[in-house]
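**Student:** Generate coordinates for the sequence data below:
(chains A, B, C and D)
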2 protein chains.
Amino acid sequence: MKETLGAASGLVRLTFLVQNLYAEIGRGCDLTVAQAQMLCALTEDSLGMADLSATLGLERSSLTGLVDRAEHRGLVVREGDPSDRRVVKVTLTAAGADAVHKFHDQLTERLEKLVADLPATERERFTRTLGRLVTGVPAVFAD
Amino acid sequence: MKETLGAASGLVRLTFLVQNLYAEIGRGCDLTVAQAQMLCALTEDSLGMADLSATLGLERSSLTGLVDRAEHRGLVVREGDPSDRRVVKVTLTAAGADAVHKFHDQLTERLEKLVADLPATERERFTRTLGRLVTGVPAVFAD
DNA sequence: CAAATTACTTCGTGCCACGAACAATCACAA
DNA sequence: TTGTGATTGTTCGTGGCACGAAGTAATTTG
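**Tutor:** Take a look at the predicted model:
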């Protein structure tokens, strides 16, 4: 019968799968999901709290605690911005960069492995479509 | 330029996108993400706590509270299983079935809309590959 | 029948996210 | 220059989520 799953169902299940992988690898790196997400968003550049909260889709008040805990663990530091003394820039520490690098590598490997079984053409098509679907999604994870 | 995103990055961003949609629609139905997930898992059949925790990938101790709160909101009821008096079966109430139905429909609509812009062939291929990737993922969302 | 197993709960801990209310700073107009 | 209004970040209170360790009850196994 080879019942074909609908697109919605497939998307939700894929999300479920990736989310669990994300959490599992995070645990291995001693990072919560929220922390890993935040660190990933900071790999490119330091960001102010407002930009960071917009990127992550969180309220600013939620972010304060998240950064507090990450700072307390030495993953991140807060720095004042001389050009605008209201803003607090959040920057990865060496330890934070290290942790997120490890996390990123492991997650990438597992995800590549997930699609590795697909025939080359199918995989390429899939990846291309994927890219098309996520245009506009903030850079919560870079290559 | 048309920089092509890697598969891993695409998967993470797609997950991020779907997760946010999930949360947004959940909020509209007055459901948290965890609650919506649980109710979806129960649409097919009642499940015992152990089965449910396995399906959702949660510790049983986590599930107790989740069911507590859902039961308190009248979305779900606990029933004893006469054939094994240890097990507690969790079943949707009418209100719970209603809520999850609404949630499911809205989410499905939004997700279908997400892929609706793709050319027919590409969409079909994508959906098929999706189905291939999620074989073995528990039925956290059905068609 | 005793021991091991299974199903579920309780308890304590920590994390996460929200909204409302607040202080500091900045931008701009009168 | 001095308001006035917007923006930035924080605090506080509330509720929800998830875990592991420890405990109880029922079932299975030897």
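
**Student:** So for chain A, the centremost residue is which one?
**Tutor:** Residue closest to the mean C-alpha point of chain A, counted by Cα atoms, centre = their mean, is A:Q37 at 3.7 Å.

**Student:** check whether the helix or strand containing it contacts DNA strand C.
**Tutor:** A:Q37 belongs to helix A:33-42 when assigned by DSSP states H and E. Yes. Judged by Cβ under 7 Å from any atom of the strand, helix A:33-42 comes into contact with DNA strand C at A:V33, A:A34, A:Q35. Every C-beta, even on glycine, is put in place using the N, C-alpha and C of the backbone.

**Student:** Closest to A:D51 out of those residues?
**Tutor:** Proximity of the residues of helix A:33-42 next to DNA strand C to A:D51 (Cβ to Cβ) peaks at A:A34, which lies at 16.7 Å.

**Student:** I'd say the closest one and A:L66 touch.
**Tutor:** Yes. Using Cβ atoms under 8 Å, A:A34 is in contact with A:L66, at 5.7 Å.

**Student:** Between those two, tell me which one has more neighbours.
**Tutor:** Between A:A34 and A:L66, A:L66 has the larger neighbour count (other Cβ atoms under 10 Å in any protein chain shown), namely 21 against 17.

**Student:** Quick one: low-confidence residue ranges for chain A.
**Tutor:** The model of chain A has pLDDT under 70 over residues A:1-3.

**Student:** Which residues does stretch A:88-97 contact?
**Tutor:** A:39, A:42-43, A:46-49, A:52, A:67, A:70, A:74-81, A:100 (Cβ atoms under 8 Å, 6 or more residues apart in numbering or on different chains).

**Student:** repeat that with 6 Å
**Tutor:** A:39, A:42, A:46-49, A:52, A:67, A:74-79, A:81 (Cβ atoms under 6 Å, 6 or more residues apart in numbering or on different chains).

**Student:** So is that stretch next to DNA strand D?
**Tutor:** Yes. Contact of stretch A:88-97 with DNA strand D (Cβ under 7 Å from any atom of the strand) involves A:V88, A:K89.

**Student:** and that stretch, which residues are buried?
**Tutor:** Residues A:V88, A:K89, A:V90, A:L92, A:G96, A:A97 are the ones in stretch A:88-97 that count as buried (16 or more other Cβ atoms under 10 Å in any protein chain shown).

**Student:** Repeat that for stretch A:47-56.
**Tutor:** A:L47, A:M49, A:D51, A:L52, A:S53, A:T55, A:L56.

**Student:** next one: stretch A:129-143
**Tutor:** Buried positions in stretch A:129-143, judged by neighbour count with 16+ other Cβ under 10 Å: A:T129, A:L130, A:G131, A:L133, A:V134, A:V137, A:V140, A:F141.

**Student:** Check those and tell me the two furthest apart.
**Tutor:** The widest separation within those (Cβ to Cβ) is 19.0 Å, between A:T129 and A:V140.
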